[in-house]
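# with the sequence up front, the predicted model follows.
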Amino acid sequence: MANPRALLKRRGSVTNTRKITKTMEMVATARLARAHQAAVAARPYARGLEELIVGLTADSDSLAHPLLSVRPRPKKAAVLVMTSDRGLCGAFNSNIARRARELRAELAGRGLEVEFMAHGRKAAAALKRAGWPVTKAYLGVSDKPLYARADEIGGALISGFLAGGFDEVHVVYSSFASRTAQVPCAEQLLPMTAPGKGASAGDAGSKGPRVWYLFHPGSGQILSAVLPLAVKNRVFSAMLETTAGEHAARRLAMKNATDAADEMIGSLTRAYNRARQYKITQEIAEIVGGVEAQG
Amino acid sequence: MSDGPGATSAGRALRLRLVSPARTVFEGEVRCVVLPAFDGEWGILANHAPIVAALAVGCLRLTALDGSGRAFAVRGGFAEVRDNVVTVLSPECLGPEEVSPAGVDAELAGLEGGDTSKSAGACRDRAARLAWGKACRIVLGGGKREGGA
């Protein structure tokens, strides 16, 4: 039978760990609420841009733009991988890293040379571990997604794409499906697939008579101004969703850890009580034995 | 709902939605909006024709239903007018509460030391920053233009 004092000490350390995990769970819950709110607040802008592009592409079928045109023989691809900065959030980051690996294999299968950009410490670490080239790493960024940073990253990707540095740009991030489910996903950023291009006919039918806008300046110029904004906003919403996903994953991981600690504390308490009782029983037996021997 | 100007029979109220990537900055009914369009300022009243306009860096002013004025600094973007709803999408859009006077003064002071930019891109960039600083100043001044400008 184990030493009661050692059991007590062990129970003490598990109790301390439980305090930490419980606190982290509560912090993650609060941050998740905030991150979720931010993601919801960002929707009108994304929807507005999308509707604008749909309206523009519906206006004329012949609209062409370098950011929309698929290169005939793509050679190089840039992949932006987004994770959290901190760990202790279950399989969240490793799921994203796995998705990045799959995407890399897929691109390599098509004969593309892949270079990476990391957003978040864990992404940088995972890419470094895999030994893949990282051209730029943004660290310490996952706590507060800022549009200014999305603007910078998006701007760098667009100018690299237009200059011919790479022929395709992809982003790997965690899509925030719900508070309990985060789906790692890969999306093509450039060349852009115009939203609603395929569905525009059905859309027009459901939205009633279409509106004839006057475009100032021409629709072509508006399109070339709106597409970069749309790309940057894709980066921004990926940032928002990854952050929300991080907190959701951490909340779940910490809740599981707290539950496991509760269970351990229970079983350690039982073991301690048993050991204590055993010791008392043994002492009584010894005393009784001693008395009997004297009598 | 039908096409063309003046076709909507809804009242005279014009609805303005001012949307930045992170949030909706302003939403409400207004009497009139002045947009900083790429080619100058445009006044929009109710029953305007459907239009999409590119915006410059500048100051957006509105007159509320009670006649009071308000201004926002807008860093480019687009305005869409349709069915008496003006939707402004802008990458950055600040109201008077969010503009820091000290920051604007420092920014403008940094720019006023003569034009040292070499390339056309740097020159454009500088012009945009100057316009932004000035717009912020107008916003801080409650939407009134600077003397004689």
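Thanks, I have it. Residues are numbered from 1 along each chain as shown, chains lettered A, B, ... in the order given.
# elements contacting the helix or strand of chain B with the lowest mean pLDDT?
Ranking every helix and strand in chain B by mean pLDDT, DSSP states H and E puts helix B:101-111 at the bottom, with a mean of 81. When contacts are defined as 3 or more C-beta pairs under 8 Å, 6 or more residues apart in numbering or on different chains; DSSP states H and E, helix B:101-111 packs onto helix B:120-140. All C-beta atoms are positioned from the backbone trio N, CA, C, and that covers glycine.
# any stretches of chain B with poor pLDDT?
For chain B, applying pLDDT under 70 flags the ranges B:1-12, B:113-117, B:143-149.
# could you chop it up by domain?
Here the domain assignment for chain B is B:14-96, B:97-140, based on automatic domain parsing.
# and those domains, which is most packed in?
By mean neighbour count, with neighbours taken as mean count of other C-beta atoms under 10 Å in any protein chain shown, domain B:14-96 ranks first of the domains of chain B at a mean of 19.
# enumerate the residues of the stretch 101-250 of chain A near chain B.
By C-beta under 8 Å from any C-beta of the partner chain, the part of the stretch 101-250 of chain A that sits against chain B consists of A:147, A:150-151, A:208-209, A:211-217, A:221-222, A:225-226, A:229, A:232-233, A:236.
# that older thread, and of the domains of chain B, who's closest to A:Ala41?
domain B:14-96 (4.2 Å; C-beta to C-beta).
# how about the closest one and chain A, any contact?
Yes - with C-beta under 8 Å from any C-beta as the criterion, chain A is reached by domain B:14-96 at B:17, B:19-24, B:37-39, B:49-54, B:76-78, B:80, B:82, B:87, B:89, B:91-92.
# ok, which stretches of the stretch 101-250 of chain A are helices?
Assigned by DSSP state H, counting those that start in this stretch, the stretch 101-250 of chain A shows helices spanning A:121-130, A:147-162, A:200-206, A:219-294.
# give me phi/psi at B:Leu89?
The phi/psi pair for B:Leu89 (degrees, to the nearest 10) reads phi -110, psi 120.
# now it. Nearest residue, chain neighbours left out?
Distance criterion C-beta to C-beta, 6 or more residues apart in numbering or on different chains; nearest residue to B:Leu89, sequence neighbours excluded, is A:Gly48 at 4.6 Å.
# what about that neighbour, neighbour count?
Using other C-beta atoms under 10 Å in any protein chain shown, A:Gly48 has 20 other residues around it.
# tell me which element it falls in.
Element membership for A:Gly48, per DSSP states H and E: helix A:43-59.
# and that helix, what does it pack against?
With contacts taken as 3+ C-beta pairs under 8 Å, 6+ apart, helix A:43-59 sits against helix A:200-206, helix A:219-294, strand B:14-19, strand B:51-64, strand B:69-82, strand B:85-89.
# of the ones you listed, which is nearest A:Thr193?
Short answer: helix A:219-294, nearest of the helices and strands packed on helix A:43-59 by C-beta to C-beta, at 10.9 Å.
# how much space between A:Glu25 and A:Arg86?
A:Glu25 is 14 Å from A:Arg86, where distance means C-beta to C-beta, to the nearest Å.
# ok, the two, which is more surrounded?
Each of A:Glu25 and A:Arg86 has its neighbours counted (other C-beta under 10 Å); A:Glu25 has more, 20 against 15.
# got the contact list for the more buried one?
By C-beta atoms under 8 Å, 6 or more residues apart in numbering or on different chains, the contact set of A:Glu25 is A:250-251, A:254-255, A:258.
# swap in B:Glu98?
The contact partners of B:Glu98, by C-beta under 8 Å, 6+ apart, come to none.
# would you list the helices of the stretch 101-250 of chain A in TSV and tack on mean neighbour count?
What follows is the helices of the stretch 101-250 of chain A, written out as TSV (neighbours: other C-beta atoms under 10 Å in any protein chain shown):
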stretch	mean neighbour count
helix A:121-130	19
helix A:147-162	18
helix A:200-206	12
helix A:219-294	18
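# worst average pLDDT in the ones you listed?
Per-stretch averages of pLDDT across those put helix A:200-206 at the bottom, with a mean of 41.
# hmm, stretch B:124-140 in reach of chain A?
No - between stretch B:124-140 and chain A, judged by C-beta under 8 Å from any C-beta, nothing touches; the nearest distance is 12.0 Å.
# give me the residues contacting that stretch.
Defining contact as C-beta under 8 Å, 6+ apart, one finds that stretch B:124-140 is touched by B:36, B:56-59, B:71-76, B:94-96, B:99, B:101, B:104, B:107-108, B:111, B:115, B:117, B:144-146.
# can you do 6 Å?
The contact list for stretch B:124-140 (C-beta atoms under 6 Å, 6 or more residues apart in numbering or on different chains) reads B:57-59, B:71, B:73, B:96, B:99, B:101, B:104, B:107-108, B:111, B:117.
# quick one on the thing from earlier: make a markdown table from the domains of chain B and add distance to A:Arg99 to it.
Formatted as a markdown table, those follow (distance: least, C-beta to C-beta, whole Å):
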| stretch | distance to A:Arg99 |
| --- | --- |
| domain B:14-96 | 25 |
| domain B:97-140 | 36 |
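# please name the bridge partners of the residue positioned nearest the centre of chain B.
Centroid check for chain B by C-alpha atoms, centre = their mean gives B:Leu60 as the closest residue, at 2.5 Å. When bridges are called by DSSP bridges, B:Leu60 pairs up with B:Phe72.
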